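In: model the following, please.
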Amino acid sequence: MNTAAHSEKRLYLAIECGSKEWKLAFGTGSGERETSIVAGDLAGLDRQIARGKERLGLPADAKVRSCYEAGRDGFWIHRMLTERGVENVVVDPASIEVKRRGKRVKTDRLDAKKLRAMLIRYWVYGETKSWSVVKVPTENQEDARRAHRERGRLSKERTAHRARIRSLLALHGPVPRRLVSEGAQARDWKGRPLPPALIEEIDRELERLARVEEQLGHLEEERRERYRTGTGRAAQQARQLSRAKGVGEMTATLFAHEFFWRDFKNRREVGAAAGLVGCPYDSGQSRREQGISKAGNRRIRTAMIELAWRWLTFQPDSELSRWYERRFAHGSGRLRRIGIVALARKLLVALWKFLEYDQIPAGAIVRP
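Out: Numbers count the residues shown, from 1 in each chain. Next comes the predicted model:
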């Protein structure tokens, strides 16, 4: 038990954030109070905090500790509470314990009460493993992720437009290898012009496709400029990562802005943050491996598996590639896919050491 935190009276506040209403659950360990305010009503929040201290017998200058679940609102609530002197933590919703009954009652009020109980356990009784606390990025770090995330969405949108055009053309005959350009006179299977409504729809799809490709081009130009001239930590990390043969500028930029902005203590934290750690099931006589946890950054996990395949091609003489060749290369396709995930985790740790300690992966080719 944290005796210092237990002896000094503090107000504990759990916030269940909704789009229209915030549920507030106050507590001191001995007293409790619940109320609600309009979502985003900061003046109302200040009033309820002051009233909570008064109702629960705390002095007006008592310290406040709070929590809320990471979600749609992002981190602005955390920054707002911190600016008000509140010691706040942002919690991963998937890490909050729930009853294992077939059916359980779930309301915003009960969720707020549950958060309050776990918040008190976290601070007063030192149960730091009772849930997972989210690492909050700075505003600049959060803003730096917008470009490559938007690029990912635009790439999916471009694929959707192309697939839609091909699907429309397939209704009237064989689909040409190249997309129909604006103004081109497409023909059906009998050589007749396509129906006018269909041509208009294809033209509109082509207009949207051209707009998406234009935006993608602007984003790519901005990324290259930031990569070449950036002076921040992320830009320097991206340039250092791209020194390793097989790691391109785009992949290096993704890793720098999406993952390596954090300060990791050891290799276990690196693997866990990407969701590339094992998840064994060992209970009684039942023992099996359930695969990787996937409780991490999915963008990094996907990029690492793609990079692991490239690593085998561009770095065949590295120790990691030789390890994969010895263990998995001569097995079945399923075994090779399992092995590539293991290689991805080892490679991610090696890249972290390369950035943190300037330790080049054994046998790897690194540009000067």
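
In: where does the prediction get shaky in the chain?
Out: Within the chain, the segments meeting pLDDT under 70 span 1-7, 175-185.

In: work out which residue lies at the spatial centre of it.
Out: In the chain, the residue lying closest to the centroid (C-alpha atoms, centre = their mean) is Asn297, at 4.2 Å.

In: quick one: it and Gly271 touch, right?
Out: No. Using C-beta atoms under 8 Å as the test, Asn297 is too far from Gly271 to be in contact (11.6 Å). For the C-beta atoms, the positions are set from N, CA and C on the backbone; glycine is no exception.

In: how is Gln88 assigned, secondary-structure-wise?
Out: That one is not Gln; residue 88 is Asn. Recorded secondary structure, Asn88: strand (DSSP: H, G, I helix; E, B strand; the rest coil).

In: ok, Gly291 next?
Out: Going by three-state DSSP: Gly291 is strand.

In: next one: it from Ser132, what distance?
Out: Look at Gly291 and Ser132: by C-beta to C-beta, to the nearest Å, they are 20 Å apart.

In: of these two, give the one with the bigger neighbour count.
Out: Taking neighbours as other C-beta atoms under 10 Å, Gly291 and Ser132 compare with Ser132 leading, 17 against 11.

In: and the more buried one, what does it touch?
Out: 91-92, 94-95 (C-beta atoms under 8 Å, 6 or more residues apart in numbering).

In: which one (most neighbours) among the residues you listed?
Out: Counting by other C-beta under 10 Å, top hit in the contacts of Ser132: Val91 with 21 neighbours.

In: now that residue. Its backbone dihedrals?
Out: Reported as degrees, to the nearest 10, the phi and psi values for Val91 are phi -110, psi 140.

In: separation between it and Ile300?
Out: Applying C-beta to C-beta to Val91 and Ile300 gives a distance of 21 Å.

In: again, but for Arg149
Out: 12 Å.

In: between the two, which is the more surrounded one?
Out: For Arg149 versus Ile300, the count of surrounding residues by other C-beta under 10 Å is larger for Ile300: 21 against 13.

In: packing partners of whichever strand or helix holds the more buried one?
Out: For Ile300, the host element (DSSP states H and E) is helix 298-314. Helices and strands touching helix 298-314, by 3 or more C-beta pairs under 8 Å, 6 or more residues apart in numbering; DSSP states H and E, are helix 249-258, helix 319-327, helix 333-357.

In: so what's the residue count around the nearest residue to Arg243 once chain neighbours are set aside?
Out: In space, and not counting its chain neighbours, Arg243 is closest to Arg367: 4.7 Å by C-beta to C-beta, 6 or more residues apart in numbering. By other C-beta under 10 Å, 8 other residues sit near Arg367.

In: care to break the chain down by domain?
Out: Using automatic domain parsing, the domains assigned to the chain come out as 3-136, 141-229, 237-357.
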